[in-house]
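1. Sequence and predicted structure, then a few things I'm wondering about:
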Amino acid sequence: MIDANEEIRLGTVLILKKGHPCGENKWEITSFGVICKIKCLGCGRTVIIDRVDLKKKIKKVVKQDETTSK
């Protein structure tokens, strides 16, 4: 589980504990709310996931998008 101080928002790149079938495990958040959309950075597939489940599956936060942090 991620650190309580770690903020995830739109544009954040995440590494999940379990990879996508295409072989990539890096995902970008494209929509963030109660239901989140994440896009695989390997094949471009979009997956819809509940925010609680997403937070449980995060292994590491790779980077924050500087344009969305205000």
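-> Done, it's in.
2. what ranges do the helices span in this structure?
-> Assigned by DSSP state H, the helices in the chain fall at 51-57.
3. so who does I29 touch?
-> Neighbouring residues of I29 by Cβ atoms under 8 Å, 6 or more residues apart in numbering: I8, R9, L10, G11, T12, V13, L14, C36, K37, I38. Bear in mind the C-beta positions are built from the backbone N, C-alpha and C, glycine included.
4. Surely W27 and C43 touch.
-> No. With contact defined as Cβ atoms under 8 Å, W27 and C43 do not form a contacting pair (11.1 Å).
5. how about the nearest residue to T30, chain neighbours excluded?
-> The shortest distance from T30 to any non-neighbouring residue, by Cβ to Cβ, 6 or more residues apart in numbering, is to K37 (4.7 Å).
6. Wait, L10 touches E28, no?
-> No. Here L10 lies out of contact with E28, judged by Cβ under 8 Å, at a distance of 9.2 Å.
7. Mind picking out the helix or strand in this structure with the poorest mean pLDDT?
-> strand 58-63 (a mean of 88; mean pLDDT, DSSP states H and E).
8. T46 contacts I38, doesn't it?
-> Yes. Counting by Cβ under 8 Å, I38 is a contact partner of T46 at 7.2 Å.
9. Give the residue from those two that has the larger number of neighbours.
-> I38 (24 against 12; other Cβ atoms under 10 Å).
10. and the residue lying closest to I38 once chain neighbours are set aside, bridged to which residues?
-> Nearest non-adjacent residue to I38, counting by Cβ to Cβ, 6+ apart: W27, 4.3 Å away. With DSSP bridges as the criterion, W27 is bridged to L14, C40.
11. per-residue confidence for W27?
-> pLDDT, W27: 94.
12. now do R51
-> Note on R51: pLDDT of 91.
13. Also K37?
-> At K37, the model reports a pLDDT of 96.
14. Against R51, how distant is it?
-> K37 sits 11 Å away from R51, taking Cβ to Cβ, to the nearest Å as the criterion.
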